[in-house]
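Chemist: Just a sequence and a predicted model for now, questions to come.
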Protein chains: 2
Amino acid sequence: MTVYFEDLDEGDVMEFGTYEVTAAEIVEFAERYDPQWFHTDPERARQQSHFGALAASGWHTCAMAMRLVVDGHYRDAAGLGAAGIEHLRWPNPTVPGDELSVRVAVLETRRSESDPSRGLVTLDQTVSNQDDEVKAEMRPTVLYQCRSAPEDA
Amino acid sequence: MTVYFEDLDEGDVMEFGTYEVTAAEIVEFAERYDPQWFHTDPERARQQSHFGALAASGWHTCAMAMRLVVDGHYRDAAGLGAAGIEHLRWPNPTVPGDELSVRVAVLETRRSESDPSRGLVTLDQTVSNQDDEVKAEMRPTVLYQCRSAPEDA
């Protein structure tokens, strides 16, 4: 049951989760890719950072959310990757103990003019924790294979 | 020599690099956070994907670029994290053998109205490889501590 471009309609909503965030994983990711002290030093982060807690790298929050969406959707969808993201915000820090979930709403679908075997789908994605605190919001445009492409028909 | 808000001026340009991209790291990151086949299966990606090669997760490209900017800038800067990103695009896939570098241009600086001990800096960041092929472009707004905050003066 692969999900193709034609299977996605404006207004569709999908929800995926949860991902349990640990201090160990926050530090591990940050030491490799974003070694700023408020991502790598739990004690100093608690005492000195404006977050008041160890905060995950914003890229780590996006990566954890991606894993939820891949497990819940892209494993069985003809997705071809994202072309880009219109905006991306981190209104609150992701902290140890957060249980992340992702809400994906289909904002717009349009068949590609340059290659009608593909379609472009713009999504509103919201990453929240168990208390509905929003950790990330983004509007990606993702390429999908069409089921009935002119050249395959 | 910590870089504070006041040390950044519109038009400043910084360049950081390089980061060597390997197939092993692309697969390792993707298996954990973005297990879509064109990120995890080198042979199938070469033969079947529209990228024509194993492609890094877009989040991985952002993470590798972040590491370059942290090593070259944020380790010695009073950065407090990014509030958000205005747009983010991946015009070309990041592939094994890429040597990534990042160009950061200061687009706009403004002191925070709600907290004048901090400033907001909007940056244009371009991630390219050794052939000047652009792999990611983004416009983040980053919070910096001010050197001469009213309450510290």
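Modeler: Yes, it's here.
Chemist: any idea of the pLDDT on A:A83?
Modeler: Looking at A:A83, its pLDDT stands at 90.
Chemist: and A:A56, how many neighbours does it have?
Modeler: 31 (other CB atoms under 10 Å in any protein chain shown). All C-beta spots, glycine's among them, are computed from the backbone N, C-alpha and C.
Chemist: Tell me who's in contact with the nearest residue to it once chain neighbours are set aside.
Modeler: Closest residue to A:A56 apart from its sequence neighbours, by CB to CB, 6 or more residues apart in numbering or on different chains: A:T94 at 3.9 Å. Contacts here follow CB atoms under 8 Å, 6 or more residues apart in numbering or on different chains; on that basis A:T94 touches A:V21, A:I26, A:A55, A:A56, A:H60, A:T61, A:M64, A:L100, A:N129, A:K135, A:A136.
Chemist: Ok, A:G52 next?
Modeler: A:G52 touches A:R46, counting by CB under 8 Å, 6+ apart.
Chemist: Got the confidence number for it?
Modeler: Value for A:G52, per-residue pLDDT: 94.
Chemist: That one sits in which helix or strand?
Modeler: According to DSSP states H and E, A:G52 maps onto no helix or strand at all.
Chemist: how close does it sit to B:F5?
Modeler: According to CB to CB, to the nearest Å, A:G52 and B:F5 sit 21 Å apart.
Chemist: how near is the residue nearest to A:A56 to A:H39?
Modeler: As for A:T94, its distance to A:H39 is 10 Å (criterion: CB to CB).
Chemist: overlap in contacts of these two?
Modeler: Counting by CB under 8 Å, 6+ apart, the shared contacts of A:T94 and A:H39 are A:I26, A:A55, A:A56, A:H60.
Chemist: For the residues you listed, pick the one with the most neighbours.
Modeler: That'd be A:A56 among the shared contacts of A:T94 and A:H39, by other CB under 10 Å, with 31 neighbours.
Chemist: which residues in chain A form strands?
Modeler: For chain A, strands defined by DSSP state E occupy the ranges A:13-20, A:79-89, A:99-111, A:118-128, A:134-145.
Chemist: Could you show which parts of chain A are in contact with chain B?
Modeler: Applying CB under 8 Å from any CB of the partner chain, one finds that chain A approaches chain B through A:29, A:32-36, A:38, A:49-51, A:55, A:57-60, A:62-64, A:66-67, A:70-71, A:74-75, A:79-90, A:93.
Chemist: Return a PyMOL selection command for the buried portion of those residues.
Modeler: Applying 16 or more other CB atoms under 10 Å in any protein chain shown to those, the buried members can be selected in PyMOL as follows:
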select buried, chain A and resi 29+33+34+35+36+38+49+51+55+57+58+59+60+62+63+64+66+67+70+74+79+80+81+82+84+85+86+88+89+90+93
